[in-house]
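Colleague: next one to model:
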Amino acid sequence: MSSERFAIAQVSPYAWDAHHEVNRYIERLSDDLCARGHRVVVVAPADSRELVRESRALVRRLAEHPEALWSAPGCAQVVAVGHGVAFPPTRRGSSASLPLDLSRTLEDLLEHAELDFVHVHEPFAPSTASAALRHSRALNVGSFHAAAERVVSTQLGRRLTELRFGRLDGRTASFRATADVVGRFFPGDYRVISPGGELAERPARADDELVEIVFSAEEERGALRTFLRALRRLPPALPWRATVWSRWPEAHPTVSLSRALRDRIHFAGPEHGSEAQHLARAHVAVAASSGAAPAPQLVLRALAGGAIPVAARMPEYEEILREGELGLLFEPHDSETLAAQLERVISDDALRRDLHERVAGCHAGLGWARVADRFEELYHELAARRHDPRGDTAVRRRMESRPMIDVDLHMHTDHSPDCATPAASLLEAARQQGLGAIAVTDHNEIAGAFEARDLAAANGDGPKIILAEEVKTADQGEVIGLFLQEKIERGMTLAETIAEIRRQGGLVYVPHPFDRMHTVPDYSDLLEVVEDIDLIEVFNAKVAYAGFNEEAARFAAKYRIVAGAGSDSHVAQALGSVRIRMRDFDGPQEFLESLRDADIVRNRKSLLYVQTLKFIQGRGAGRSGRKPAPSSKE
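Modeller: Predicted coordinates for the structure are as follows:
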């Protein structure tokens, strides 16, 4: 595996000072990644006003001092971007944040922090994780943990969630059950990376000791009721005692207990030892969630501590226990069957020994190092798809003395069916705008570019013409070929169209990739060909919503793809409404290297004005769409 080290933001939707399984997962993963040399920052809401105040002060410093994000001692620094807001349904004491007061802080953080990855956990809206996905300029990994439907995202806001999840470059699920549930609503490639557990050495015990049963109150309160009701059903002569461990100040019984039963149950908290210590001393650990707030990591921690899990038949629990191979199961809410399973494991020494041996045998795959290994593998796999930003430095040095010119890389003539501007009018407008080079990119046609080139050569006064074509694929949007030699037929796949551009020695330019007013490729389509894209249009002057351009800029930045821009002019008056200021070039290689150091300059023009002109001129174009249009002088 590559030795490259990354800067990673781990983003939680839950208040960091709340004890939530997602936060525990992030903490352990971050510790292991830090130990391997990666730089990790944890981004989350928090209930602590002091932590939020300090974090916002840190974010304000990042504009001038980006390295301040990594200056704190220790491993992963926590940046609390705002206050947590309740987000039901969720476990007692936990919360997720709505991106109201924290959205600007989060945007500033992700704009100025120099990150390779933004790793969002449970990125359902409304939450910090969802907002981070919106503002991220890095590669995005999404981890899904709970095998539960989120009604707000899957029903009410499904389309918006689909678009947001479209920004994920990699997806993971903690369990196959999670991948199945989330994938049902949001199809994708979910790599299953199950959580780890804190392995603990078990103390030596005498064979005649009482069977220790531990219940950790990490699930919903109803789970404790089911457990206590099961204990009431156990025969009095069985040799057992139980501990109910809770991190909360008090965990009172929720059902009535006899005095004899109360004498056998100990209610404990952190002051009596950690959960891990209690699990390492226990023979049996019970997980009795009915599905309201399951805690699958609790079952993993029980296995890591060497206890035998007796768990409700929840999808995650069954998956962890390999359908009963590593523990015993019972139906949710069924205290009678739970009591019967406890009776079996208490009274049957051979069964208990067998299950203990199976649990011990699975320890090799339980550690958090395995989880970090899998994520490192994913990070390196995604990072390998980024382009080398260095380019060809020798070519750029050769061009340092070249004059600066203004270039427009996207425009149409009357060879496009939706444009009525003759090539001569386009050239006249380009000269008036002071453009040194233009790419003529007619829809599925290169004749307009040839005509413009011949006219420019005949006049002898420029501008330089880049022969190009905007080709419509079968069903994956459009792609522009720059520096072409001949026409490319429409209707091929995106990969086939790119291959044809390459065959001609051209450059692959993806226009308005996220403008949903056009036919555009899916995000997954772009990821399949990202290594073959030479440049991306990060500013199209004709898009109706600025967010489409911003999304294109984010995609180009995270994959380190050269940025382009164009007016997408269909009328001469719109030409040069955006231009690229770059060194003069000769051929595709020099063009691409010059573009690496170029500036994009925008001129403000009324979109309504140029669209109206396009409509008026197009109506008068007749069936061929070739009626001459007035030049920008008229």
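
Colleague: and Ser347, how many neighbours does it have?
Modeller: The number of residues packed around Ser347, counting by other C-beta atoms under 10 Å, is 16. Placement of C-beta: from N, CA and C, glycine included.

Colleague: is Arg225 within a helix or a strand, and which one?
Modeller: helix 221-232 (DSSP states H and E).

Colleague: and the strands in the stretch 451-600 of the chain?
Modeller: Along the stretch 451-600 of the chain, counting by DSSP state E, counting those that start in this stretch, strands occupy 464-472, 478-482, 507-510, 535-540, 562-566, 578-583, 599-602.

Colleague: actually the stretch 251-400 of the chain, not the one I typed
Modeller: Using DSSP E, counting those that start in this stretch, the strands found in the stretch 251-400 of the chain span residues 265-268, 284-287, 308-312, 328-330.

Colleague: what's the burial count for Pro588?
Modeller: Pro588 is flanked by 15 other residues according to other C-beta under 10 Å.

Colleague: report pLDDT for it.
Modeller: With respect to pLDDT, Pro588 scores 96.

Colleague: ok, it - contacts?
Modeller: Taking C-beta atoms under 8 Å, 6 or more residues apart in numbering, we find Pro588 in contact with 482-483, 505-507.

Colleague: could you check how far it is from Ser594?
Modeller: Applying C-beta to C-beta, to the nearest Å, the value for Pro588 to Ser594 is 11 Å.

Colleague: now swap in Glu111 and tell me
Modeller: Counting by C-beta to C-beta, the gap between Glu111 and Ser594 amounts to 27 Å.

Colleague: first-to-last residue distance for stretch 11-22?
Modeller: Length of stretch 11-22, first residue to last, C-alpha to C-alpha, to the nearest Å: 10 Å.

Colleague: neighbours around Cys75, how many?
Modeller: 16.

Colleague: how far away is Gln297 from Glu219?
Modeller: Distance, Gln297 to Glu219, by C-beta to C-beta: 11 Å.

Colleague: same question for Ile480.
Modeller: Taking C-beta to C-beta, one finds Ile480 at 55 Å from Glu219.

Colleague: ok, now Val152?
Modeller: 23 Å.

Colleague: same check, this time on Ala80
Modeller: 27 Å.

Colleague: which one of these two has more residues nearby?
Modeller: Neighbour totals were compared for Ala80 and Glu219, and Ala80 leads with 29 against 26 (other C-beta under 10 Å).

Colleague: can you tell me the element the more buried one falls in?
Modeller: Secondary structure assigned from DSSP H and E places Ala80 in strand 77-83.

Colleague: any idea how far that strand is from the chain center?
Modeller: Centre-to-centre, strand 77-83 and its host chain are 19 Å apart (C-alpha atoms, centre = their mean, to the nearest Å).

Colleague: partners of it in the sheet?
Modeller: Applying DSSP bridges, strand 77-83 is found paired with strand 39-46 (parallel).

Colleague: next SSE after the strand it pairs with?
Modeller: Reading on from strand 39-46 to the C-terminus, the next helix or strand found by DSSP H and E is helix 49-61.

Colleague: where does the stretch 251-400 of the chain dip in pLDDT?
Modeller: Scanning the stretch 251-400 of the chain for pLDDT under 70 picks out the ranges 251-255.

Colleague: now the helices for the stretch 301-450 of the chain?
Modeller: 315-320, 335-347, 349-361, 368-383, 393-398, 423-432, 447-459 (DSSP state H, counting those that start in this stretch).

Colleague: actually the stretch 51-200 of the chain, not the one I typed
Modeller: In the stretch 51-200 of the chain, the segments counted as helices under DSSP H, counting those that start in this stretch are 103-112, 128-135, 151, 158-165, 176-185.

Colleague: for the last one, name the packing helices and strands.
Modeller: With contacts defined as 3 or more C-beta pairs under 8 Å, 6 or more residues apart in numbering; DSSP states H and E, helix 176-185 has these neighbours: strand 139-144, strand 190-192, helix 315-320.

Colleague: out of those, deepest packed?
Modeller: strand 139-144 (a mean of 25; mean count of other C-beta atoms under 10 Å).

Colleague: going through the contacts of Pro588, which ones are buried?
Modeller: Taking 16 or more other C-beta atoms under 10 Å as the criterion, what is buried in the contacts of Pro588 is 482-483, 506-507.

Colleague: will you turn the residues you listed into TSV that also has pLDDT and distance to Ala574?
Modeller: As requested, the buried ones among the contacts of Pro588 are exported to TSV (pLDDT from 0 to 100; distance: C-beta to C-beta, whole Å):
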residue	pLDDT	distance to Ala574
Leu482	98	20
Phe483	98	24
Gly506	97	25
Leu507	98	23
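
Colleague: just the closest of the residues you listed to Arg386, please.
Modeller: Nearest to Arg386, judged by C-beta to C-beta, of the buried ones among the contacts of Pro588 is Leu507 at 18.3 Å.

Colleague: and that closest one, what does it touch?
Modeller: Residues near Leu507 by C-beta under 8 Å, 6+ apart: 481-483, 501, 534-535, 588, 591-592.

Colleague: partner residues bridging it?
Modeller: Beta-bridge partners of Leu507, as defined by DSSP bridges: Leu482.

Colleague: on that earlier part again, would you list the contacts of Pro588 in a markdown table and tack on distance to Ala429?
Modeller: Compiled in a markdown table, the contacts of Pro588 are given as follows (distance: C-beta to C-beta, whole Å):
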| residue | distance to Ala429 |
| --- | --- |
| Leu482 | 20 |
| Phe483 | 22 |
| Gly505 | 29 |
| Gly506 | 25 |
| Leu507 | 24 |
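
Colleague: and those, which two are furthest apart?
Modeller: Farthest pair in the contacts of Pro588 (C-beta to C-beta) is Leu482 and Gly505. Separation: 10.3 Å.

Colleague: relative to Ala557, which of the helices and strands packed on helix 176-185 is closest?
Modeller: Closest to Ala557 of those is strand 139-144 (C-beta to C-beta; 10.0 Å).

Colleague: list the contacts of the closest one.
Modeller: Residues from elsewhere that reach strand 139-144 (C-beta under 8 Å, 6+ apart): 25, 116-123, 133, 165, 167-174, 178-179, 182, 190, 193, 375, 378-379, 382-383, 386, 558-559.

Colleague: which among these count as buried?
Modeller: Neighbour counting with 16+ other C-beta under 10 Å marks 25, 116-123, 133, 165, 167-174, 178-179, 182, 190, 193, 375, 378-379, 382-383, 558-559 as buried within those.

Colleague: quick one: stretch 227-245 to chain centroid distance?
Modeller: How far stretch 227-245 lies from its chain's middle: 45 Å, per C-alpha atoms, centre = their mean.

Colleague: mind listing what's buried along that stretch?
Modeller: Applying 16+ other C-beta under 10 Å to stretch 227-245 flags 227-231, 234, 240, 242-245 as buried.

Colleague: now the helices of the stretch 51-200 of the chain as TSV including mean pLDDT?
Modeller: Shown next, in TSV, are these (pLDDT from 0 to 100):
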stretch	mean pLDDT
helix 103-112	92
helix 128-135	91
helix 151	80
helix 158-165	85
helix 176-185	95
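
Colleague: need those helices in a markdown table with distance to Val359, can you?
Modeller: Compiled in a markdown table, the helices of the stretch 51-200 of the chain are given as follows (distance: least, C-beta to C-beta, whole Å):
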| stretch | distance to Val359 |
| --- | --- |
| helix 103-112 | 42 |
| helix 128-135 | 33 |
| helix 151 | 36 |
| helix 158-165 | 37 |
| helix 176-185 | 21 |
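
Colleague: deepest of the ones you listed, which one?
Modeller: Comparing these by mean count of other C-beta under 10 Å gives helix 128-135 as most buried, with a mean of 26.

Colleague: off-centre distance for it?
Modeller: In terms of C-alpha atoms, centre = their mean, the centre of helix 128-135 is found 9 Å from the chain centre.

Colleague: how about stretch 536-547?
Modeller: 22 Å.

Colleague: who touches that stretch?
Modeller: 409-410, 480, 509-513, 515, 517, 548-549, 552-553, 555-556, 561-570, 574, 577-578, 600, 602, 605, 607, 610-611.

Colleague: from start to finish, how long is that stretch in a straight line?
Modeller: Termini of stretch 536-547 sit 15 Å apart (C-alpha to C-alpha).
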